[in-house]
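[1] the following block contains a protein sequence and its predicted model.
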Amino acid sequence: MNSSSLRYLIKEGFHNIWSNRMMSLASVAVLMSCLVMIGSAMMLFVNIESLLGRMEEENVVMAFVEDGTSDTDLDTVENELKAIDNVQSVEFQSKEEGWEEQLAAMDEADAAFFEGLSEEIPLPDGFRVTIADLSRFDETVQKIRAVNHVETVRENKELAEQLVSIRQGVSVISIVIVAVLFAISLFIISNTIRLTVYSRRLEISIMKSVGATNWFVRLPFIVEGVIIGVAAGVVSLFIVYGVYELVGAQMGNLFSALSISLVGFWNYALVMLAAFIGVGIVSGVGGSLIAMRKYLNKEGSEIGELF
């Protein structure tokens, strides 16, 4: 196919969209509805992931060292902890800091009682260890226990397991929802475009009768699918943004009371736009190819018998 034929077919694709603008508008609207649902689900899962990430950061492991450990040995312990695979960060916490933290978590009366109970702080020095991948929690805790001068380790294995289960469940649900919505959009788009193809079956029959190749017939419809996909993707992004901002504004007080902060929409806007355009193009082009298959499997004369 030479360049002039390619330009003609692309131009024909744009012309066909305008000539069949009601069907094209219907295709864009249907695809937009699916993309908006996909985008809304994506932002929901992004916020859930962000919340889980903050919970994981707070689920630290406390590695308490032996009482009387020298400063040199404390530095050695810290370096060994940082060297453990899957350890994200290590922060030293002196016995004084740990005791103040314990008192702050108590009621005022209890704190006053324990504060005056003894002048000697009943806590050792320790390190706050943040684990990167909680699915390897047990393995990492065992390595922490094996470090020299680490006497006891305080950890919350049950919470770590729950967070891992929730994260896995969210991942599975998000994949299933996106896959289902994509399949729905592909099905609806293919049927919408099939109506367009059916209304132009005489044109296809004539093109096939004069020897046009399948790809020569397909290309204008593929161009239509690309344009529909891009248009639906761009518009859907701004609709999702509007819905996201509206939900944030309406439920801002509730989120503040629960100490929940929504992630910034524009941090994910480019990724979402690329995903929308990709899904839109695949749905539009795929729908066009599916719709065309019925007619291109027949010769022009055979298609003509349909009239």
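    That came in fine, so what should we check first? These numbers come from a predicted model, not from an experiment.
[2] spit out the contact partners of Tyr241.
    265, 269 (C-beta atoms under 8 Å, 6 or more residues apart in numbering). Heads up, the C-betas are built off the backbone N, CA and C, glycines and all.
[3] buried residues in the host helix or strand of it, which are they?
    Assessed by DSSP states H and E, Tyr241 sits inside helix 214-250. Buried residues in helix 214-250, counting neighbours by 16 or more other C-beta atoms under 10 Å, are found at 216-233, 235-237, 240-241, 244.
[4] need the pLDDT of the closest residue to Asp133 other than its chain neighbours.
    Excluding its sequence neighbours, the residue lying closest to Asp133 (C-beta to C-beta, 6 or more residues apart in numbering) is Asn86, at 5.4 Å. Per-residue confidence at Asn86 stands at 87 (pLDDT).
[5] is it true that Asn86 touches Asp138?
    No. Applying C-beta atoms under 8 Å as the test, Asn86 and Asp138 come out as separate, 11.0 Å apart.
[6] pass me the low-pLDDT residue ranges in the stretch 51-200 of the chain, would you?
    When residues are selected by pLDDT under 70, those of the stretch 51-200 of the chain lie in 56-58, 98-122, 185-186, 188-197, 199-200.
[7] and the helices in it?
    71-83, 95-105, 108-117, 137-145, 157-199 (DSSP state H, counting those that start in this stretch).
[8] need the contact partners of the shortest one.
    Right, helix 137-145. Helix 137-145 has contacts (C-beta under 8 Å, 6+ apart) with 61, 63, 81, 84-87, 129, 131, 150, 153, 155, 157, 160-161, 164.
[9] circling back to that earlier point, mean confidence score for the helix holding Tyr241?
    On average, helix 214-250 scores 83.
[10] how is the protein carved up into domains?
    Using automatic domain parsing, the domain ranges for the chain come out as 3-55+162-304, 60-155.
[11] if you compare the ones you listed, which one is most tucked away?
    domain 3-55+162-304 (a mean of 17; mean count of other C-beta atoms under 10 Å).
[12] just how off-centre is that domain within its chain?
    17 Å (C-alpha atoms, centre = their mean, to the nearest Å).
[13] number the chain from 131, please
    Sure, I'll start numbering at 131, so the last one becomes domain 133-185+292-434.
[14] residues contacting Met167?
    Leu311.
[15] what's the spacing between it and Ile303?
    Applying C-beta to C-beta, to the nearest Å, the value for Met167 to Ile303 is 14 Å.
[16] wait, Lys338 sits on Val347?
    Yes. When contacts are counted by C-beta under 8 Å, Lys338 is listed as touching Val347 (6.8 Å).
[17] just to revisit the earlier point, the contacts of helix 267-275: which two are farthest apart?
    Distance extremes for those: the farthest pair is Val280 and Val294 at 24.0 Å, using C-beta to C-beta.
[18] for the helix or strand harbouring Ala156, what is the distance to the chain centroid?
    Secondary structure assigned from DSSP H and E places Ala156 in helix 151-188. The chain centre lies 9 Å from the centre of helix 151-188; the measure is C-alpha atoms, centre = their mean.
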